[in-house]
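Peer 1: Turn this into a structure:
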Amino acid sequence: MAQFHRLLLIPASLLACSAVGAQRPTGAAPDDRPLPENERQQITLSLIQRYPDLAASPGIKAASAAPVNPPGEHGFVGITVIYHPHAERLGVKEAYEAHCLREYPTTDTTWTCEDVTIRRYLQLSTQDWEVRVRANISAESAMALIEGSRRDLQSSTRDVSSLPNTAIMIVPHVNGDYRITWGAPDGRAKLTMLAHLSQGGDPENSEHWHATLFEQ
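Peer 2: Predicted coordinates for the structure are as follows:
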């Protein structure tokens with residue numbers, strides 16, 4: 001009963017608005033369709049029980065599904081759910097991003113969301129696009145990483161005007177390195193660079209970050 005009353009306290013706007021801005025899933029997954037309202041609510045309710053501050057979010061911003069295993073008789077389908085920001089600290093917006101799974105084929109529509117992270121939106125004075133930061137890195141370090149990457153990107157060619165000048169997203173790589181995507185002002189990605197901090201370097205000093213073109 002206590003759990004039932006706690007669920008009643010969840011703002012109705014969060015559930016009603018969970019469809020706002022939700023994108024049609026991509027990929028040839030069995031669940032290649034808009035996420036039904038009952039599944040959006042199931043995911044949101046399960047997350048709020050573990051992360052109560054999610055209740056401050058206006059709802060789901062985007063949801064996209066894709067097969068985790070190659071097509072076959074049995075496997076898993078995954079979905080990434082991104083919420084609108086639920087908090088803002090020192091000018092940096094924070095939003096939940098959940099990666100959920102369920103078996104296929106199955107009659108059970110319940111999603112299990114074990115991989116939940118915070119994505120932050122960092123506003124730079126040099127661009128309108130808010131940088132998506134999915135890495136566990138401070139805002140000051142992220143800005144230094146961006147400037148170090150910009151410096152190395154511009155030094156790689158004489159024709160600077162042909163280079164993308166909008167930082168799009170920062171995500172963790174391996175061994176403490178980060179991938180930073182550069183693109184157009186509207187958020188379209190053009191290229192990715194791999195950034196690493198010099199040994200013993202200060203992460204808040206752009207001179208201590210070095211970046212090279214990342215080839216996938």
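Peer 1: And the longest helix seen in the chain, what's buried?
Peer 2: Secondary structure of the chain per DSSP state H: the longest helix is helix 139-154. By 16 or more other C-beta atoms under 10 Å, the buried positions in helix 139-154 come out as 139, 141-150, 152-153. Using the backbone N, CA and C atoms, a C-beta is placed for each residue, glycine as well.
Peer 1: How about stretch 153-163?
Peer 2: So for stretch 153-163, counting by 16+ other C-beta under 10 Å, buried means residue 153.
Peer 1: Could you check how far residue 178 is from residue 188?
Peer 2: 20 Å (C-beta to C-beta, to the nearest Å).
Peer 1: swap that for residue 176, please
Peer 2: Residue 176 is 28 Å from residue 188, by C-beta to C-beta.
Peer 1: same thing with residue 79?
Peer 2: Residue 79 is 23 Å from residue 188, by C-beta to C-beta.
Peer 1: Please say which of those two ends up with more neighbours.
Peer 2: Just comparing residue 79 and residue 188: by other C-beta atoms under 10 Å the higher neighbour count belongs to residue 79, 22 against 12.
Peer 1: Where does pLDDT dip in the protein?
Peer 2: 1-33, 67-73 (pLDDT under 70).
Peer 1: For it, just list every one of the helices.
Peer 2: Under DSSP H, the chain gives helices at 2-8, 12-16, 37-50, 139-154.
Peer 1: who does the closest residue to residue 178 other than its chain neighbours bridge with?
Peer 2: In this structure, residue 178 finds its nearest non-sequential neighbour in residue 195, 4.9 Å apart by C-beta to C-beta, 6 or more residues apart in numbering. Beta bridges link residue 195 to residue 178, residue 211, judged by DSSP bridges.
Peer 1: Output the helices of the chain as JSON lines; include the columns distance to residue 64.
Peer 2: What follows is these, written out as JSON lines (distance: least, C-beta to C-beta, whole Å):
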{"stretch": "helix 2-8", "distance to residue 64": "26"}
{"stretch": "helix 12-16", "distance to residue 64": "20"}
{"stretch": "helix 37-50", "distance to residue 64": "13"}
{"stretch": "helix 139-154", "distance to residue 64": "24"}
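Peer 1: and of those helices, who's closest to residue 125?
Peer 2: Comparing the helices of the chain by their distance to residue 125 (C-beta to C-beta), the top pick is helix 139-154, with 10.0 Å.
Peer 1: So what touches the closest one?
Peer 2: Contacts to helix 139-154, defined as C-beta atoms under 8 Å, 6 or more residues apart in numbering, come from residues 90, 92, 120, 122, 124, 131, 133, 135, 137, 160, 163, 165, 167, 170, 178, 180, 182, 193, 195, 203-212.
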